[in-house]
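# I would like the atomic coordinates for the input below:
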Amino acid sequence: MKRLYLFLLLSLIVEAASAQVKDTLRVLAIGNSFSEDAVEQYLWDLGKEAGVTFIIGNAYRGGWSLIGHWNDARSLAVNTEYRKVTDGKKVNRGKYTLRDIITDEPWDVITLQQVSQDAGRLESYEPGLSLMIGYVKALAVDSVRLGFQQTWAYAEDSEHKGFAKYNYNQFVMYSSITAAVEKMMRNHQFDLQFYIPTGTAIQNARTTVLATTSTKDNIVNRDLTRDGYHLNLTMGRYIAACTWFEKLTGKSCVGMKTRPKGLAKGLALIAQKAAHAAVLTPMTVTPI
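As a prediction, this is how the structure comes out:
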């Protein structure tokens, strides 16, 4: 009887450990300030509410492109900030090589993205994207899922010099990004398993009251940005996090309680619906 009791107890411990591993999702974004906006703030909290423990890494270098990351990778440059969110705590661990960041965890998911001003220019993706895909595959665990973040168009009044590439037109930029990502995904259908439609989620939200609602982090809400291109610190970043959460977990974010401090429940619901619609229809704007 005693042996049976010990066996059952051991079985329960093993099952609990297995469940914990299953419910842990290790996600690494290789990007820049646009990945910072997306993954460093609210994603972990959304996971906690849903019973998913995220370990989040962001290989950050401001303004960096696909080819820029590749140049750092091949030269083993110690230029990339390693931001990490574990147990809800965000820590900047300092600068590392991309090799060290990629091999730090057995990442379940690793994402890439293009620098924002070139995200709508398909010709800018190569050879950086193919080289980075090969580099990540060579270093990551075999089971890793590779994805891509579709970034967002700038505010209509953005003064970013890269906006000139799209005739200072927000919808031209958004349409160019979606077209480039769609073609890129076809070109890499055997390399990239999914993409995260953050840009479409933001564009969805721009059809709603969110686009004109002021927040504490900026005096005037410039199309959910704080400076014409980076997302504002509450609604913009929350929409991005909801989109990532839903795409990574397969769980709907609509109706979740987690939201930024000070963001009204009704506005949070609109943000959630914008993200949910983007996951369902990632290449076209859905009025909310």
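# what segments of the stretch 1-150 of the chain are strands?
Applying DSSP state E, counting those that start in this stretch to the stretch 1-150 of the chain gives strands spanning 24-31, 53-60, 80-86, 89-96, 109-112, 145-149.
# which residue, other than its chain neighbours, is closest to the residue positioned nearest the centre of the chain?
In the chain, the residue lying closest to the centroid (Cα atoms, centre = their mean) is residue 38, at 4.5 Å. Distances taken as Cβ to Cβ, 6 or more residues apart in numbering place residue 240 nearest to residue 38, at 4.1 Å, with adjacent residues excluded. For every residue, glycine as well, the C-beta is placed using N, CA and C.
# okay, now the one you found: neighbour count?
Other residues within reach of residue 240, judged by other Cβ atoms under 10 Å, total 30.
# let's number from 117 now, not from 1
In the new numbering, first residue 117, that becomes residue 356.
# for it, what are its contacts?
The contact partners of residue 356, taken as Cβ atoms under 8 Å, 6 or more residues apart in numbering, are 153, 154, 155, 314, 317, 318, 347, 391.
# got a winner among those for most neighbours?
residue 317 (34 neighbours).
# doesn't that residue lie inside a helix?
Yes: assessed by DSSP: H, G, I helix; E, B strand; the rest coil, residue 317 belongs to a helix.
# tell me the spacing between it and residue 196.
Residue 317 sits 26 Å away from residue 196, going by Cβ to Cβ, to the nearest Å.
# hang on, the earlier thing: just checking, the residue nearest to the centre of the chain touches residue 145?
Yes: under the criterion of Cβ atoms under 8 Å, residue 154 makes contact with residue 145 at 7.0 Å.
# intersection of neighbour lists for these two?
Common neighbours of residue 154 and residue 145 (Cβ under 8 Å, 6+ apart) are residue 265.
# state the distance from residue 323 to residue 257.
40 Å.
# also residue 382?
Residue 382 sits at a distance of 42 Å from residue 257 (criterion: Cβ to Cβ).
# compare those two and say which is more crowded by neighbours.
Using other Cβ under 10 Å, the more surrounded residue of residue 382 and residue 257 is residue 257, with 13 against 9.
# list the contacts of the more buried one.
222, 223.
# cool, and residue 202?
Residue 202 neighbours (Cβ under 8 Å, 6+ apart): 171, 172.
# how about residue 359?
Residue 359 neighbours (Cβ under 8 Å, 6+ apart): 154, 312, 313, 314, 317, 391, 394, 395.
# and with 6 Å instead?
Residue 359 makes contacts with 314, 317, 391, 394, as judged by Cβ atoms under 6 Å, 6 or more residues apart in numbering.
# could you identify the most distant pair in these?
314 and 391 (8.6 Å; Cβ to Cβ).
# if we can go back for a sec, out of the contacts of residue 356, give me the two with the largest separation.
Longest span within those, Cβ to Cβ: 155 and 318, 14.8 Å.
# helices of the stretch 167-316 of the chain, start to end?
182-190, 214-218, 244-255, 286-303, 314-321 (DSSP state H, counting those that start in this stretch).
# could you pull up the mean pLDDT of the fourth one?
When you say that, I think you mean helix 286-303. Averaged over helix 286-303, pLDDT sits at 98.
# between strand 261-265 and it, find me the angle.
160 degrees (axes from the mean of the first three to the mean of the last three Cα atoms, to 10 degrees).
# buried stuff in helix 286-303?
286, 289, 290, 291, 292, 293, 294, 296, 297, 300, 301 (16 or more other Cβ atoms under 10 Å).
# before we move on, what about stretch 308-328?
In stretch 308-328, counting by 16+ other Cβ under 10 Å, buried: 308, 311-322, 324, 326-327.
# and it, how far out from the chain middle?
How far stretch 308-328 lies from its chain's middle: 12 Å, per Cα atoms, centre = their mean, to the nearest Å.
# equivalent analysis for stretch 274-284, please.
Counting by Cα atoms, centre = their mean, stretch 274-284 comes out at 23 Å from the chain centroid.
# so what touches it?
233, 270, 288, 289, 344, 345.
# check contacts around the second one.
Pointing back at residue 270 there. So residue 270 contacts 276, 279, 344, 345 (Cβ under 6 Å, 6+ apart).
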